[in-house]
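Visitor: structure, please.
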Amino acid sequence: MRKRRTFLGSMALAALAAGALPAADTKIAVLDIQRTMLAYERRGAARAELDRKKQEMSARIADLDARLKSSQSDLETLKPGTENYRQFQLKLIELEASVETQRRRFELEFELLQRNSMQILLEDVSREIEAYAKENGIDLVLTKYFGDARIGGPHPMVLFAAQGFDITEPVIARLNAKAAADAPRPVGPVRDAPKRP
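Guide: All right, here's what the predicted structure looks like:
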């Protein structure tokens, strides 16, 4: 999604420079998307909800680990080589596999929660940018920076913009005013973790 936006922004600038878009009639603005996301008050509530869910999942894993350790201690009380020992050992192996599977499932579930949460926040921000642009007759909004984990970041997307072009502060103010007026929204539904082959 970010690459697509970067590409579209670059194409729009190229078209503007080539004269394909009417420069005099085109109103352009820039926005610091990273600062906007960090300043969005709903992000804190989403982070708190994610932390709560992570603690809940961690507690469930800790409970499974405690059961596993207890079973390992029980195995030590049995005489090796006996039928009871072998049966209990098999059950212990199954329990270990179950704990590991559950741990991986929780990791995937939490990863999905994080993605869902970020997607919801990004959609809020995108809608507000679009609404602000339409209300103010802005034809094109460019992000000031883009991030790429492979090469570090953030990197400037717009090398210079006069102060009047920057709409970051008014968009943040609108987002936070709406967040304060709205009831808190959940992080989002948890989709099933993808099946491992």
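
Visitor: quick one: average confidence on the longest helix seen in the chain?
Guide: If you go by DSSP state H, the chain has its longest helix at helix 83-135. Model confidence over helix 83-135, given as mean pLDDT, is 91.

Visitor: distance between the following helix or strand past that helix and the chain's centre?
Guide: Following helix 83-135 in sequence order, the next helix or strand is strand 140-143 (DSSP states H and E). Relative to the centre of its chain, strand 140-143 is centred 22 Å away, using Cα atoms, centre = their mean, to the nearest Å.

Visitor: same question, stretch 69-84
Guide: Taking the mean of its C-alpha atoms, stretch 69-84 sits 44 Å from the chain's own mean (Cα atoms, centre = their mean).

Visitor: same question, stretch 110-128
Guide: Distance, stretch centre to chain centre, for stretch 110-128: 6 Å (Cα atoms, centre = their mean).

Visitor: stretch 25-36 now?
Guide: Worked out by Cα atoms, centre = their mean, stretch 25-36 lies 22 Å from the chain centre.

Visitor: most remote residue from this protein's center?
Guide: Residue farthest from the centre of the chain, counting by Cα atoms, centre = their mean, is residue 82 at 51.7 Å.

Visitor: name the residues of stretch 124-138 that are buried.
Guide: 124, 125, 128, 129, 132, 133, 138 (16 or more other Cβ atoms under 10 Å). The C-beta positions use only the backbone N, C-alpha and C, and glycine is treated the same way.

Visitor: contacting residues for the closest residue to residue 161 other than its chain neighbours?
Guide: Counting by Cβ to Cβ, 6 or more residues apart in numbering, residue 30 is the residue found nearest to residue 161 once chain neighbours are left out, at 4.4 Å. For residue 30, the contacting residues are 141, 142, 143, 144, 158, 161, 165, 166, 167, 168, by Cβ atoms under 8 Å, 6 or more residues apart in numbering.

Visitor: redo that, cut-off 7 Å
Guide: When contacts are counted by Cβ atoms under 7 Å, 6 or more residues apart in numbering, residue 30 touches 142, 144, 158, 161, 165, 166.

Visitor: that's all I had, so thanks and see you.
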